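Participant: I'd like to go over a predicted model; first the sequence, then the structure.
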Amino acid sequence: MNLAVIAPPWASDDEALALRATARKFFETVAVPNQKRWAEQRFIDREFWLEAGKLGLLCLAVPEEYGGGGGTFAHDMVVLEEQSRIEEPGFGNHVHSGIVAPYLLAYGSEEQRHHWLPRMASGEVVAAIAMTEPGAGSDLASMTTRATRQGDHYLIDGAKTFITNGGSADLILLAAKTDPAGGAHGVSLFLVDANNCLGFERGRVLDKLGQHSGDTAELFFDSASVPADSLLGDVEGMGFGQLMTQLPQERLLLAVAAAASAQRAVDLAVDYTKNRHAFGKPLFAKQHVKFELAECATLARVAKVFVDDCVNKHLDGSLDAATASMAKYWTTDIQCQVVDRCLQLFGGNGYMRDYPIAEMYANARAQRIYGGANEIMKELIARSL
């Protein structure tokens, strides 16, 4: 396939095309043969992260002085599109490179950046972000995890859940209240060294409906001690503002993956219906099947055009939070709708996990929940009207 034909406008130069070719070959030859095993063991091999680092597929938007690729958000999105193309949900690079690394770049000290980013770019360190709690999901201001200053350390108490990369992360970007009475203004972010933090324990890797290869986990902090210089930012209480500034990019990441998944569902269904025969003819010959695919293909195309426009706006700094929320909610709704309609065209085979469309169906459902539930996205959009 000519990669230039499918390249979006924000990733159509020679460098981006070469990156796409490298990422595609890597995912097809290294990830695909291991996907079943990863799903059974509930985590991605660390060797895969290290190999991705060697190929320069991690932290592409991180400047070279910190060990990164020296590119832009667009380069990380090329890798995410290729990952979505083979439907590998467990490789949490979208969190690692697309969320945690930008926080370090935007708010970290020089010492923090030089300590963490080069090892994140190499795959030696895997990163996670811990916001959600058992009693506080999308309502981040209501989190109960506490961080209390004790001399040159903070003592952290609380629990987090649904944490992507939580079972294996070496670095955890943790949200906690440093001023419990301060509401949103009392939230601070911390860089927790998960391998050197007394009082920190990982809970179980959660048994999810889909995305089985991802080590989504519970995290527990019992007077967990972290150095005072682990605070992200100059002073306490900056965390909620940092989160609100960065969340639109997280939501755009989910939209990029959603659009890619919707298109893959259409591609799989077209191929299946053209090769599957019923009543002496290919399924594709039936008008109902053709019309279903025509509608799904149109929805997938519109989603991609919308997402590409959002990426362009994000690259030039003009993407607003409401539009990012629109992209997240609408494309993930479309993803679930298109995957469901395409699965129907597979008949009974669509319900069998031997067929990728079945895995896509289970994997897609979380997209409408994490990153801010779609109902919250609509609330945020409405506030801008």
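Facilitator: Now that the structure is in, tell me what you want to look at. Residues are numbered from 1 along each chain as shown.
Participant: can you list the domains in this structure?
Facilitator: Using automatic domain parsing, the domain parsing of the chain gives 3-125, 129-237, 241-383.
Participant: Mean neighbour count and mean pLDDT added to those domains, as a markdown table?
Facilitator: Where C-beta positions appear, they are placed from N, C-alpha and C, glycine not excepted. Formatted as a markdown table, the domains of the chain follow (neighbours: other CB atoms under 10 Å; pLDDT from 0 to 100):
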| stretch | mean neighbour count | mean pLDDT |
| --- | --- | --- |
| domain 3-125 | 19 | 94 |
| domain 129-237 | 19 | 94 |
| domain 241-383 | 19 | 96 |
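Participant: Show me the helices in this structure, by range?
Facilitator: Using DSSP state H, the helices of the chain run over residues 3-6, 14-26, 35-41, 46-54, 73-85, 93-95, 101-107, 110-122, 239-275, 287-315, 321-344, 356-364, 374-383.
Participant: roughly how far is the second one from the heart of the chain?
Facilitator: For helix 14-26, the gap between its own C-alpha mean and the chain's C-alpha mean amounts to 20 Å (CA atoms, centre = their mean, to the nearest Å).
Participant: hmm, back to that, could I get the helices of the chain as JSON lines with distance to A147?
Facilitator: Below are these laid out as JSON lines (distance: least, CB to CB, whole Å):
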{"stretch": "helix 3-6", "distance to A147": "46"}
{"stretch": "helix 14-26", "distance to A147": "38"}
{"stretch": "helix 35-41", "distance to A147": "33"}
{"stretch": "helix 46-54", "distance to A147": "28"}
{"stretch": "helix 73-85", "distance to A147": "30"}
{"stretch": "helix 93-95", "distance to A147": "21"}
{"stretch": "helix 101-107", "distance to A147": "16"}
{"stretch": "helix 110-122", "distance to A147": "16"}
{"stretch": "helix 239-275", "distance to A147": "10"}
{"stretch": "helix 287-315", "distance to A147": "31"}
{"stretch": "helix 321-344", "distance to A147": "26"}
{"stretch": "helix 356-364", "distance to A147": "34"}
{"stretch": "helix 374-383", "distance to A147": "25"}
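Participant: Of all those, which one is nearest S230?
Facilitator: Proximity to S230 (CB to CB) singles out helix 110-122 among the helices of the chain, at 8.2 Å.
Participant: Most distant residue from the centre of this protein?
Facilitator: Largest separation from the mean C-alpha position in the chain: G280, at 43.5 Å (CA atoms, centre = their mean).
Participant: how near is that one to T148?
Facilitator: Note on G280: its distance to T148, by CB to CB, to the nearest Å, is 74 Å.
Participant: nearest to D179, of the helices of the chain?
Facilitator: Here helix 239-275 is closest among the helices of the chain (CB to CB), at 10.4 Å.
Participant: Quick check, central residue of the protein?
Facilitator: Central residue of the chain (CA atoms, centre = their mean): H94, at 3.9 Å.
Participant: show me what contacts that one?
Facilitator: H94 makes contacts with L80, Q83, L253, L254, A257, as judged by CB atoms under 8 Å, 6 or more residues apart in numbering.
Participant: mind checking how far the fourth one is from L80?
Facilitator: This points to L254. L254 sits 10 Å away from L80 when distances are taken as CB to CB.
Participant: same thing with the last one?
Facilitator: Here A257 is placed at a distance of 6 Å from L80 (CB to CB).
Participant: The third one now?
Facilitator: Relative to L80, L253 is positioned 7 Å away (criterion: CB to CB).
Participant: Need the overlap of contacts for the two.
Facilitator: Contacts common to L253 and L80, judged by CB under 8 Å, 6+ apart, are H94, G98.
Participant: What lies in contact with stretch 47-62?
Facilitator: 19, 22-23, 26, 30-31, 34, 67-73, 75-76, 78-79, 91, 93, 96-97, 101-102, 105, 117, 120-124, 126.
Participant: Any idea how far apart the tips of that stretch sit?
Facilitator: 21 Å (CA to CA, to the nearest Å).
Participant: and if you look at stretch 44-60?
Facilitator: This stretch, stretch 44-60, spans 20 Å end to end (CA to CA).
Participant: any idea how far that stretch is from the chain center?
Facilitator: 16 Å.
Participant: Over to stretch 293-310?
Facilitator: 20 Å.
Participant: now swap in stretch 373-383 and tell me
Facilitator: Its chain's average C-alpha position is 19 Å from that of stretch 373-383, according to CA atoms, centre = their mean.
Participant: and that stretch, C-alpha only, in CSV?
Facilitator: The C-alpha trace of stretch 373-383 is given here as CSV (Å, rounded to 0.1, in the frame of the first residue of the first chain):
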residue,chain,number,x,y,z
ALA,A,373,-16.9,10.0,30.2
ASN,A,374,-18.7,11.2,27.1
GLU,A,375,-21.5,12.6,29.3
ILE,A,376,-18.9,14.9,30.9
MET,A,377,-17.6,15.8,27.5
LYS,A,378,-21.2,17.0,26.6
GLU,A,379,-21.3,19.0,29.8
LEU,A,380,-18.0,20.7,28.9
ILE,A,381,-19.2,21.5,25.4
ALA,A,382,-22.4,22.9,26.7
ARG,A,383,-20.5,25.3,29.0
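Participant: Before I go, just wanted to say thanks for your time.
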